[in-house]
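Enquirer: Return a 3D structure for these sequence lines:
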Amino acid sequence: MMKIGFGTIVIAAVALVVAIGLVLGFSESAPTISTTSTVTILKNASYDFFIPSDSNVSSAYLVQSSNSGATIYIGKSPLLLNSIAIINLSAGQGVSLSLSGSGSADLGVALVSSTPKSATITLTYIPKSFMVTQSPNIKILSAGSFSASAGSLSTTPTSPTTVQSPATTKQVTTPVTTTVQALNNTAQVMVYVNKTDIGQLAIGFNRVFQKEHVACTQSIYDNEFAKTFSSVPSGPTTFQNTSLVTPQGIISSAAAVSTGIYNVTYSESVASGNRLFALVEYNFTGQSLVSSVFKGDFGSNYNAVFMNYTTLNTTSDPCAAYGV
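Expert: Residues are numbered from 1 along each chain as shown. Next up, the predicted model:
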């Protein structure tokens, strides 16, 4: 994973405030992310958006990018009055964060791919009712940590650039003049596959896993275990050990395997080590599935996996995915 020192982050954050402090006030046409959107952001450029639970515009700003990872700032308008989340990701990794800086997470951010010039990310709206906690590996910069220094920096004029998303093309203001860049093929493949039956199942399981990861507490688990097995959990069946092997979400990635052919991998995000959920081979040129196979813990074919999803999605049991 690409890392930068926290002291460097603070200095960069000062520049960010000066560079895009006004951007967030002029984004009336920003799209609303109600499910999942995949966008490509150029280095030193931003992507503005709304989420359904917030009337204020938010912005994702690409600070650093390489072939191995990216650093992204995400904050609400106005930046000088709100905190900035600093996210370091490598391909396939994702985090959940609270745009308000408190309470349950309302936005998921995952890195699809990156180059030294740009990064492709997915932004997923997380309803507050899911009660997903914010990921622990996110650094938060409060306004007070850099506002006093902002006035001493000199800046260069900004110019508009076009950032393309799957649903809209819009004008945003960035610190440098850039050219229009469409979504790269890898990101577009993710968009297409996410809309298939398999992709929709993966997205559905992701929401269930995220919800139960928060809702299933040790006391609930212990009580349900005792009722189901007439014994007290011990050894590998304790809540702590079961939590290590129970999926917390679904992550995805795409990679080209030949001209026009891509492999999309969906994996169960597990604390003890991620496990495969499904593999998809996709023909980008023909925009069609070549093959698919389920590899996870919920069935080896679509019908079986769908039935398990329906059970998990409709049950009132907050620990169903934990096996009790």
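Enquirer: which SS class is Met307?
Expert: Using DSSP: H, G, I helix; E, B strand; the rest coil, the structure places Met307 in helix.
Enquirer: ok, it - contacts?
Expert: Met307 makes contact with Gly299, according to C-beta atoms under 8 Å, 6 or more residues apart in numbering. C-betas here are computed from N, CA, C, even on glycine.
Enquirer: Can you give me the separation between it and Leu201?
Expert: 11 Å (C-beta to C-beta, to the nearest Å).
Enquirer: Same check on Gln210?
Expert: Applying C-beta to C-beta to Gln210 and Leu201 gives a distance of 15 Å.
Enquirer: more crowded one of those two?
Expert: Taking other C-beta atoms under 10 Å, Gln210 and Leu201 do not tie; Gln210 has more neighbours (24 against 21).
Enquirer: which of the residues in the biggest helix by length in the chain are buried?
Expert: Across the chain, the helix with the greatest residue count (assigned by DSSP state H) is helix 197-215. Neighbour-count burial for helix 197-215 flags 198-199, 201-215 (criterion: 16 or more other C-beta atoms under 10 Å).
Enquirer: quick one: strands adjacent to the helix or strand hosting Tyr73?
Expert: Using DSSP states H and E, Tyr73 sits within strand 70-76. Here strand 70-76 is paired, per DSSP bridges, with strand 54-65 (antiparallel), strand 84-89 (antiparallel).
Enquirer: Verify the contact between Ser100 and Asn56 for me.
Expert: No - contact criterion C-beta atoms under 8 Å: Ser100 and Asn56 do not qualify, at 9.3 Å.
Enquirer: residues contacting the residue nearest the centre of the chain?
Expert: Central residue of the chain (C-alpha atoms, centre = their mean): Val109, 2.1 Å from the mean position. When contacts are counted by C-beta under 8 Å, 6+ apart, Val109 is found next to 60, 72, 74, 87, 89, 94-97, 121-124.
Enquirer: same question, Asn283
Expert: Gly260, Ile261, Leu289, Val290.
Enquirer: swap the cut-off to 6 Å and go again
Expert: Contacts for Asn283 were tallied using C-beta atoms under 6 Å, 6 or more residues apart in numbering; they are Val290.
Enquirer: And it, how close does it get to Pro136?
Expert: Applying C-beta to C-beta to Asn283 and Pro136 gives a distance of 39 Å.
Enquirer: and what of Ile84?
Expert: In terms of C-beta to C-beta, Ile84 sits 17 Å off from Pro136.
Enquirer: just the contacts of Val109 now: which is nearest Leu276?
Expert: Among these, Gly94 lies closest to Leu276 (C-beta to C-beta), at 16.5 Å.
Enquirer: List phi and psi for that closest one.
Expert: Here is the backbone geometry of Gly94 (degrees, to the nearest 10): phi -150, psi 160.
Enquirer: Show me the helices in this structure, by range?
Expert: Under DSSP H, the chain gives helices at 6-20, 147-150, 185-194, 197-215, 218-229, 239-245, 302-314.
Enquirer: mean pLDDT lowest for which of the ones you listed?
Expert: Per-stretch mean pLDDT for the helices of the chain is lowest at helix 147-150 (a mean of 31).
Enquirer: and the gap between the residue nearest to Val232 when sequence neighbours are not counted and Phe298?
Expert: Nearest non-adjacent residue to Val232, counting by C-beta to C-beta, 6 or more residues apart in numbering: Ala226, 6.4 Å away. Taking C-beta to C-beta as the measure, Ala226 falls 25 Å from Phe298.
Enquirer: ok, Thr285 - contacts?
Expert: Gly260 are the contacts of Thr285 under C-beta under 6 Å, 6+ apart.
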